[in-house]
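*Asks:* Sequence plus the predicted model coming up.
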Amino acid sequence: MNENYEKAAEIIVNSKQMIALTGAGISVESGIPDFRSPGGLWEKFDPIEFAHIDSFRKNPKKIWKLFFSMLDIINKAKFNPAHAALAKLEEMGKLKAIITQNIDNLHQEAGSSRVVEYHGNMSRLECLNCNSSYKGDEFTLKGTPPECKKCGKILKPSAIFFGEMIPQDALIESQELAESADAVIVVGTSAVVYPASSIPHTAKKRGAKIIEMNIEKTGLTTLITDVFIEGKAGKTLPELLKYMN
Ligand code: APR
């Protein structure tokens, strides 16, 4: 196992344009369940019924019920040593940016300054009827779904649902980062949701080294991963930083 840490540390030390791609797994030790592990969110809620834009249009009240339960968990969550380790790598000048699929804001709370929110965030609320947009904190998100101040329709959070486009700015910035990366740390993602899952492949095609940190192997591991470090990110990422000195 030490050999993997040494190899990963060497890749990081020699990199000039390293990026990270993170998924729900990096926030599990902050108390936020991921989606596809045993006991994950999609085991309890059918993602098409609860996380597709068409379902939201049909029955927004039902979708807000899931959002309120997730918001309760997210609002209580604190960043964990894995988020802190990535922030430290940025501070050391070794991490250019994080592309995250998460909407929990924990990378920012840990001090990371360049975070591309690939699946949006919860900071804004949008009206699908009259296109009005609001800051999330203009409403108390508790119990009753927020309604548009102009037309009264139930608002949608700016998190990206299945069936929605990735925000254009996030798409362009992530593509540029992936194309210029010489190393990618992939942390806590099953890498099954496209187009986020294409990011490590884009970098690999241009010669980037891929370091993958997960509690289990994924579809990336045998295909493109150069170094796989098995374990909980809250332990393995801080451990990896020890090999950097
Ligand atoms: N440390 C490292 N990895 C972990 C940990 C941990 N403590 N706990 C779980 N994992 C790994 C799991 O093994 C899994 O590979 O994190 C990954 C989580 O995968 P998913 O639950 O599929 O989450 P993610 O990859 O982020 O999903 C992508 O799918 O549902 C949509 O929009 C949602 O952004 C999400 C996207």
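*Replies:* Noted; the coordinates are in hand. Residues are numbered from 1 along each chain as shown.
*Asks:* For the chain, list the residues in contact with the ligand, please.
*Replies:* By C-beta under 6 Å from any ligand atom, the part of the chain that sits against the ligand consists of 23-25, 28-29, 34-37, 40, 47, 101, 119, 188-190, 192-193, 214-216, 218, 232-233. C-beta: built from backbone N, CA, C; applies to glycine.
*Asks:* Hmm, residue 102 is touching residue 119, no?
*Replies:* Yes: if you go by C-beta atoms under 8 Å, residue 102 and residue 119 touch, sitting 7.4 Å apart.
*Asks:* higher neighbour count, those two?
*Replies:* Taking neighbours as other C-beta atoms under 10 Å, residue 102 and residue 119 compare with residue 102 leading, 27 against 19.
*Asks:* Quick check, pLDDT for the more buried one.
*Replies:* We have a pLDDT of 98 for residue 102.
*Asks:* one step back: so which of the residues of the chain next to the ligand sit within strands?
*Replies:* residue 214 (DSSP state E).
*Asks:* Is it possible to mark the buried ones in the residues of the chain next to the ligand?
*Replies:* 23-25, 28-29, 34-37, 40, 101, 119, 188-190, 193, 214, 218, 232-233 (16 or more other C-beta atoms under 10 Å).
*Asks:* Show me the residues of the chain next to the ligand that map onto helices.
*Replies:* Under the assignment DSSP state H, the residues of the chain next to the ligand contribute 47, 233 to helices.
*Asks:* Could you point out the longest helix of this structure?
*Replies:* Max-length helix for the chain by DSSP H is helix 60-76.
*Asks:* helices and strands around whichever helix or strand comes after that one, which ones?
*Replies:* As assigned by DSSP states H and E, the chain's next helix or strand after helix 60-76 is helix 81-91. If you count contacts as 3 or more C-beta pairs under 8 Å, 6 or more residues apart in numbering; DSSP states H and E, helix 81-91 packs onto strand 18-22, helix 106-109, strand 183-187, helix 233-242.
*Asks:* switch to 7 Å and redo it
*Replies:* helix 106-109, helix 233-242 (3 or more C-beta pairs under 7 Å, 6 or more residues apart in numbering; DSSP states H and E).
*Asks:* Extract the C-alpha set from that helix and format it as CSV.
*Replies:* C-alpha atoms of helix 81-91 as CSV (Å, rounded to 0.1, in the frame of the first residue of the first chain):
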residue,chain,number,x,y,z
PRO,A,81,-10.1,15.9,6.6
ALA,A,82,-10.5,14.9,2.9
HIS,A,83,-11.9,18.3,1.9
ALA,A,84,-9.2,19.9,4.1
ALA,A,85,-6.4,17.9,2.4
LEU,A,86,-7.5,19.1,-1.1
ALA,A,87,-7.6,22.7,0.2
LYS,A,88,-4.1,22.2,1.5
LEU,A,89,-2.9,20.9,-1.9
GLU,A,90,-4.3,24.1,-3.4
GLU,A,91,-2.5,26.2,-0.8
